[in-house]
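Engineer: model this:
(one chain, ligands or ions: 2)
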Amino acid sequence: MFVQVALALPLRRLFDYRLPETQACHPGCRVEVTFGRQKLIGLVVKIVEQSAYPADKIKPIHQVLDEAPIYSQQMLKTLAWLQQYYLCPPGEVYVNLLPKKLKNGAPTQLLAEPIWQVVDGAKPPAGRAYKQQALFHLLKKLGPTAQSLLKEDGFSLAQINQLADKQLIEQNSDFLKNKQVEIQPSEFELTSEQQQVIDNIQANENFAVHLVQGVTGSGKTEVYMRLMAEALAQNKQVLILVPEIGLTPQTLQRFQQRFHCQMSVLHSELNDSERHNAWLKAWLGISRIIIGTRSAVMVPAAELGLIVLDEEHDASYKQQDGLRYNARDVAIKRAADQNCPIVLGSATPSLESLANAKAGKFNWLHLTKRATAKLPPKPQLLDIKHQPLQVGLAFGVVELIEKHLAAGQQVLVFLNRRGYSPALICHECGWVAECPRCDKHLTYHRNTQLVNCHHCGYYARPPAQCAECGSSQIVDWGIGTEQLEEWMQQRFPEANPVRIDRDSVRRKGELENKLNAIQAGEHKLLIGTQMLAKGHHFPQLTLTVIVNLDNALYSTDFRAAEKMAQLLVQVAGRAGRAEKTGQVVVQTHFPNHNYLNTLIEKGYTELAQLLLKEREDSQLPPYQYWCILRMEAQNQQVVEQVSQQVDSLFNQYICQHYQGVEVFANMPAPQEKRAGKYRQIIIFSAKQRSMLNAAMNQLTASLEQNDFAQKVRWLFDVDPLDLNG
Ligand SMILES: Nc1ncnc2c1ncn2[C@@H]1O[C@H](COP(=O)(O)OP(=O)(O)OP(=O)(O)O)[C@@H](O)[C@H]1O
Ligand SMILES: [Zn+2]
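Structural biologist: Ligands and ions are numbered 1, 2, ... in the order given. Here you go, the predicted structure:
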């Protein structure tokens with residue numbers, strides 16, 4: 001008997017070893033093996049009776065690390081699919097998805113972690129220790145809570161220890177063994193629409209994909225929580241996927257307040273110990289709720305009974321390096337293998353999901369009203385042609401902002417461009433400062449006094465002189481959020497403007513503090529990028545201004561219009577969420593553009609129909625499946641040559657065996673040079689997914705054997721979302 005082991009190597013194959021005589025070994029167990037002169041840790045994928053290698057050449061397994069498999073049969077099946085579908089080396093899937101400590105051979109044991117609770121009869125701390133007071137009250141509401149979760153809620157170890165020193169909170173070590181869930185009652189009655197959606201989903205316990213399309217503020221989260229409550233009550237585990245946890249800290253607290261139980265929270269900012277524990281608690285069934293960003297989708301949970309994936313259209317579900325999976329598609333596969341329902345929610349579903357809903361593959365459900373009885377405001381288009389602008393804003397818009405502020409309300413100004421200005425140019429000759437590694441404009445950041453490449457991260461001091469003509473008259477060009485903030489501070493100082501973008505909330509806790517201050521009404525004027533668009537609920541906000549989305553109307557990216565519409569609806573949806581009616585103004589040079597008018601007059605679904613029709617007519621996804629072969633090299637000629645060779649290899653030897661699979665395009669990536677490398681892409685397309693996958697598997701095998709392919713770095717991107725990627 002032999003075992004086939006996946007190792008974390010960039011090779012698309014499993015490795016054969018001899019079964020140990022003394023230790024039991026099953027598929028799904030970790031093993032330590034010798035590979036060349038190294039010792040590596042891998043995962044047993046299969047046990048076979050025969051090996052293609054001579055028996056005497058096959059080395060024995062050095063050590064079996066797990067008595068019982070880490071992955072169940074069913075998870076192994078899902079992992080096998082993942083590897084096959086995304087055309088990647090097995091190690092990428094079987095080994096690299098494990099938390100680092102397990103990958104390095106740590107035992108499957110939880111690391112000790114304090115569980116905190118309020119001391120019986122303790123009173124909140126007095127004085128001005130606001131954070132400590134907030135922590136005390138939260139803990140009182142939640143009951144025993146793991147320390148890591150309190151950190152997720154934005155509290156520091158110092159604050160926890162201070163409360164402990166004052167003997168207001170104490171550790172409770174028994175709680176970890178407790179798998180019970182205590183469900184708090186909801187504050188409100190469901191609307192009839194919410195009830196219908198829930199009844200419909202609960203009518204079927206088995207696998208089904210439910211697409212809940214609900215307008216912004218329609219109470220999707222409440223629907224999720226009711227469904228979760230039901231699953232938890234049946235002793236099932238629940239997996240919740242969200243685009244970015246850090247952006248919406250309120251969401252986590254909402255779940256914590258409703259469900260008192262162990263939770264695993266997984267996202268990219270965990271340290272190794274936190275990830276280890278979160279993963280193991282899910283695996284051991286201690287965590288009844290697993291909530292996380294895309295990487296949480298493959299965390300094992302044997303008793304999984306429901307998957308919820310919020311904001312299903314969000315591009316952050318697609319991983320853009322290594323194993324380039326889309327967590328939405330993987331989640332659907334997991335639900336199918338586990339035979340449990342999956343709920344995809346969004347106000348603006350992706351065209352892929354809408355096509356599936358229209359074809360009857362997804363159960364399409366609607367929430368057409370806001371939970372608070374008012375509809376989201378209808379955006380108004382403001383023609384800015386020939387209009388004088390100040391920091392990109394028309395006079396009328398500035399007056400409107402003034403009016404809303406004067407009424408004591410909050411205003412959101414949305415600009416999707418961070419930094420002070422998107423370019424520095426020479427006033428004399430028009431030279432533009434560019435990234436030396438990408439040939440793209442450098443963005444000027446005044447706060448840091450640096451120019452920064454938003455494509456590769458390169459930064460430098462701003463040039464003092466023009467590189468072409470030597471003039472020292474370097475001026476900034478265009479408007480970014482920093483500049484808008486600066487202007488607003490002068491124009492509306494009493495509104496205490498706040499900027500929210502990736503630069504302004506770099507430090508941990510900063511975003512949370514700013515969001516809390518906004519909730520508390522300390523800032524009346526909010527300036528932000530799409531960070532401010534997602535999921536936030538600001539009751540006092542009545543006006544949203546969208547400075548500019550025109551680029552998307554004439555973009556070369558066929559997804560640009562879809563993304564623009566999703567963003568516009570999300571941003572607009574922040575206004576008028578409480579009693580007062582909201583207003584949304586969109587500045588544009590193209591007030592008669594069909595996309596904008598369809599979106600505003602007829603709604604997102606109508607625009608989506610139109611876009612789907614266009615995609616169908618031009619045979620673009622989702623009417624064709626795509627797989628991109630990405631190649632890059634230091635040398636432009638080399639990468640172009642290789643792509644020609646791959647193209648002919650495919651057309652001469654491969655395509656005739658796979659009906660309908662063809663090269664849709666062979667071209668430089670839209671951003672051809674990035675971080676000093678030249679990039680070329682070949683887009684393969686087919687009407688049938690399985691046919692495309694088979695052809696690509698064949699191509700992969702050929703590329704691995706061909707010397708010419710080794711001259712470039714190549715990889716596959718299945719179902720790409722972005723040609724640049
Ligand atoms: N049945 C209900 N009755 C009253 N209020 C409700 C009800 N359901 C939800 N709400 C409230 O309505 C507000 C919006 O709900 P929620 O945040 O779940 O909406 P959403 O659909 O997720 O919105 P978005 O897509 O904008 O994030 C919340 O404050 C929520 O507490
Ligand atoms: Zn760059």
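Engineer: quick one: the residue nearest the centre of the chain and Leu309, what's the gap?
Structural biologist: The residue lying closest to the centre of the chain (C-alpha atoms, centre = their mean) is Ser316, at 2.7 Å. Distance, Ser316 to Leu309, using C-beta to C-beta, to the nearest Å: 12 Å. C-beta coordinates here come from the backbone N, C-alpha and C atoms, glycine included.
Engineer: helices along the stretch 501-650 of the chain, start to end?
Structural biologist: 510-519, 560-572, 594-597, 604-617, 636-649 (DSSP state H, counting those that start in this stretch).
Engineer: pLDDT averaged over the fourth one, what's the number?
Structural biologist: To tie it back to what came earlier, the one meant is helix 604-617. Averaged over helix 604-617, pLDDT sits at 96.
Engineer: ok, now the last one?
Structural biologist: Confidence over helix 636-649 (mean pLDDT, whole number) is 96.
Engineer: please name every helix or strand in contact with the next helix or strand after it.
Structural biologist: On the C-terminal side of helix 636-649, the closest following helix or strand by DSSP states H and E is strand 662-674. Contact here means 3 or more C-beta pairs under 8 Å, 6 or more residues apart in numbering; DSSP states H and E; on that basis strand 662-674 packs against helix 636-649, strand 677-686.
Engineer: return the residues in contact with Val44.
Structural biologist: 3-5, 25-31 (C-beta atoms under 8 Å, 6 or more residues apart in numbering).
Engineer: sitting in helices, which of those residues do you find?
Structural biologist: Members of these lying in helices (criterion: DSSP state H): none.
Engineer: ok, these vs Tyr130, which is closest?
Structural biologist: Arg30 (46.2 Å; C-beta to C-beta).
Engineer: re the thing from before, of the helices of the stretch 501-650 of the chain, which approaches Cys261 most closely?
Structural biologist: When the helices of the stretch 501-650 of the chain are compared (using C-beta to C-beta), the closest one is helix 510-519, at 23.4 Å.
Engineer: list the buried ones in that closest one?
Structural biologist: For helix 510-519, a neighbour-count test (16 or more other C-beta atoms under 10 Å) marks 511, 514-515, 518 as buried.
Engineer: of the residues you listed, list those near ligand 2.
Structural biologist: Counting by C-beta under 5 Å from the ion, the subset of the buried residues of helix 510-519 that neighbours ligand 2 is empty.
Engineer: what is the nearest of the residues you listed to Lys403?
Structural biologist: Ile518 (19.9 Å).
Engineer: check contacts around that closest one.
Structural biologist: So Ile518 contacts 410, 498, 526, 538 (C-beta under 8 Å, 6+ apart).
Engineer: excluding its backbone neighbours, what's nearest the third one?
Structural biologist: The one in question is Leu526. Excluding its sequence neighbours, the residue lying closest to Leu526 (C-beta to C-beta, 6 or more residues apart in numbering) is Leu412, at 4.7 Å.
Engineer: tally of neighbours for that neighbour?
Structural biologist: By the measure other C-beta atoms under 10 Å, the count of residues near Leu412 is 26.
Engineer: Leu241 is in contact with the residue nearest to the centre of the chain, correct?
Structural biologist: No: counting by C-beta atoms under 8 Å, Ser316 sits too far from Leu241 to count as a contact (10.4 Å).
Engineer: in the stretch 101-250 of the chain, which ranges drop under the pLDDT threshold?
Structural biologist: 175-178, 246-249 (pLDDT under 70).
Engineer: for ligand 2, what's the nearest residue on it?
Structural biologist: Across the stretch 101-250 of the chain, no residue is closer to ligand 2 than Glu244, which sits at 23.8 Å (C-beta to the ion).
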